[in-house]
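1. Pasting the sequence and the predicted model now:
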Amino acid sequence: MDTLEAKRPTAAATRLLAGVPVPDTKLVNAALAYARENSQPYLFNHGVRSWLFAVLIAEARKTPHDAEVLAVTTLLHDIGLEEAFAGPLRFEVEGANAVRAFARNEGMDERRAQLVWDGVALNSTPSIAFYKEAEVALATAGIGLDWGGIGYEALPEARIEAIVEAFPRLEMKKRFAHAICGLARSRAGTTYDNFAREFGERFVPGYKAPSTVDFFLNSPFRE
């Protein structure tokens with residue numbers, strides 16, 4: 001049977017992290033180490049919380065999924081915000097390229113590595129990501145819950161609080177907004193078609209990004 005479900009690996013071992021059972025595999029532990037090494041503390045904690053929330057959402061919905069793909073995606077989804085991974089593309093794509101390279105280097109096959117890429121690249125576009133494969137949708141749900149409280153009511157508050165206590169937010173609202181405004185200042189061209197534009201318009205004096213309306217109206221076609 002050539003289906004994704006048939007190819008999903010079963011974790012040989014699990015462990016508890018903030019009271020949540022998670023896979024205890026070489027790949028997941030490598031992703032944790034990579035995230036810790038390459039992320040500021042507030043972003044590392046955000047990634048771990050997002051992962052744990054995604055695991056609990058999958059449990060509540062009884063959604064079959066590839067636990068390793070979900071772990072790698074959520075743990076590393078914001079790595080494109082770090083200076084070491086900066087580039088000319090929007091930060092989600094720079095991050096997705098880096099995380100896919102990490103996954104391949106760790107021996108993940110191409111199909112699973114591409115799922116990781118999709119989850120990272122689309123994590124801030126829920127209007128698309130929620131309708132992708134289970135791993136992408138779950139990652140987006142966990143990230144959205146931690147980032148903006150989206151779906152907060154879907155999980156018991158006591159479990160949410162336990163995760164936040166274990167991995168504190170470390171002024172995430174202030175630090176994340178600062179990071180996105182930095183993109184709006186230094187790479188405005190990467191922000192026109194994503195949520196970063198809204199941060200630039202609200203917080204960055206003189207911010208101006210390309211407009212999709214201009215692309216459309218200035219296209220080289222005669223009417």
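-> Arrived safely, thanks for sending. Numbering: from 1, shown residues only.
2. what pLDDT does the residue most central in space within the chain get?
-> The chain has residue 77 as the residue nearest its centroid, 3.0 Å off, counting by CA atoms, centre = their mean. Among the per-residue scores, residue 77 shows a pLDDT of 97.
3. Angles on the backbone of it, please.
-> Dihedral pair for residue 77: phi -70, psi -30, per degrees, to the nearest 10.
4. just residue 17 next, same as before
-> phi -130, psi 110.
5. Give me the pLDDT for it.
-> 95.
6. go on, residue 70?
-> Reading off the confidence values, residue 70 has pLDDT 98.
7. and the nearest residue to it once chain neighbours are set aside, how far is that from residue 155?
-> Counting by CB to CB, 6 or more residues apart in numbering, residue 135 is the residue found nearest to residue 70 once chain neighbours are left out, at 5.1 Å. Where you see a C-beta, it was placed from the backbone N, CA and C, and this is true even at glycine. Distance, residue 135 to residue 155, by CB to CB, to the nearest Å: 19 Å.
8. Domain boundaries for the protein, per the record?
-> Domains of the chain are assigned by automatic domain parsing as 4-168, 171-223.
9. So which of those domains is the most surrounded?
-> domain 4-168 (a mean of 19; mean count of other CB atoms under 10 Å).
10. All the helices of the protein, in order from the start?
-> Counting by DSSP state H, the chain has these helices, from start to end: 4-7, 26-38, 41-61, 67-75, 91-105, 110-121, 126-129, 134-148, 157-166, 172-186, 196-203, 212-217.
11. what's the least confident stretch among those?
-> Taking the mean pLDDT of the helices of the chain, helix 4-7 comes last: a mean of 42.
12. quick one, what contacts residue 190?
-> Residues near residue 190 by CB atoms under 8 Å, 6 or more residues apart in numbering: 88, 89, 90, 91, 183, 196.
13. Residue 19 now?
-> Going by CB under 8 Å, 6+ apart, residue 19 touches 159, 162, 163.
14. Which single one of the residues you listed is nearest to residue 30?
-> Closest approach between these and residue 30, by CB to CB: residue 163, at 21.8 Å.
15. Okay, that closest one and residue 37: tell me how far apart.
-> Distance check for residue 163 against residue 37: by CB to CB, it reads 22 Å.
16. mind putting the contacts of residue 190 in CSV, distance to residue 53 included?
-> Putting those into CSV (distance: CB to CB, whole Å) gives the following:
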residue, distance to residue 53
88, 32
89, 27
90, 24
91, 21
183, 25
196, 23
